[in-house]
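Colleague: Give me a model of this one.
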Amino acid sequence: MAAADSPSAALRRHDLCTRGIRLAGKMRADVVDLLDTYVERQGLDASISVTVVEGVPAAAVEHWDEQTGTQRLLENLAAYRAFRALLAQMLEEQQEQLGEADAALGPALAAVLLQVSAFAYHLEELLRLESRGPPSEEGAAPPALSHLGLFERKLWGLGVLRELAQWAVRSARDLRQLTKPSLGSSSAPGPAESP
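Modeller: Next up is the predicted model:
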């Protein structure tokens, strides 16, 4: 990878990855707290099962151990850009449903949205360091939810938050892989480390 060409670039890359791991951990903790608040405010059962959610990128990936560092960064960036749009849509719907009456959920959603935006920017910085540069935003709009009833929208929001929590875990693992000296060589993680 291009970042390994100079010691200063390698040090900068390691520093960005380390900070990214901390950001992902903080984001995951905040998303878990937000999930608790969301379930409570929406009157949902925390154990309810939500299957595949329209428009939400899945954190699970086959052949995780075979991905290059750039592939990891690009997938993470695409996911966090999608989550930025999805969370903005959730926040807008939340404000329409409850107005300013919900003092806990709206600010918590806004805070996580800000963290997701910051993390996407962080990933863009890592891609620039890789001499790759971030791809342009494709402007994919979040899915239209008008065909969903209120309960289905609540489940959709729950699915978005649960998957975001999974992405935070995957992102930390991906960034840890990038800090290893020889990504893609024989020191690739085994199946037990796969997200």
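Colleague: got the buried residues for the helix or strand bottoming out on mean pLDDT in the chain?
Modeller: None of the helices or strands of the chain scores lower by mean pLDDT, DSSP states H and E than helix 69-98, at a mean of 89. The neighbour-count check on helix 69-98 (16 or more other CB atoms under 10 Å) flags 69-70, 72-91, 93-95 as buried. Glycine gets a C-beta too; all of them are placed from N, C-alpha and C.
Colleague: Who are the contact partners of Leu23?
Modeller: Contacts for Leu23 (CB atoms under 8 Å, 6 or more residues apart in numbering) come out as 115, 118-119, 122.
Colleague: 10 Å instead?
Modeller: Contact analysis of Leu23 by CB atoms under 10 Å, 6 or more residues apart in numbering lists 115, 118-119, 122-123, 168, 171-172, 175.
Colleague: Might you specify the subset of those residues located within helices?
Modeller: Among these, the ones falling in helices (DSSP state H) are 115, 118-119, 122-123, 168, 171-172, 175.
Colleague: still on that earlier bit, can you flag the buried ones in the contacts of Leu23?
Modeller: Judged by 16+ other CB under 10 Å, buried ones among the contacts of Leu23: 115, 119, 122-123, 168, 171-172, 175.
Colleague: Format those as JSON lines; extra columns: distance to Leu23.
Modeller: As requested, these are exported to JSON lines (distance: CB to CB, whole Å):
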{"residue": "Gln115", "distance to Leu23": "7"}
{"residue": "Phe119", "distance to Leu23": "6"}
{"residue": "His122", "distance to Leu23": "6"}
{"residue": "Leu123", "distance to Leu23": "10"}
{"residue": "Ala168", "distance to Leu23": "9"}
{"residue": "Ser171", "distance to Leu23": "9"}
{"residue": "Ala172", "distance to Leu23": "9"}
{"residue": "Leu175", "distance to Leu23": "9"}
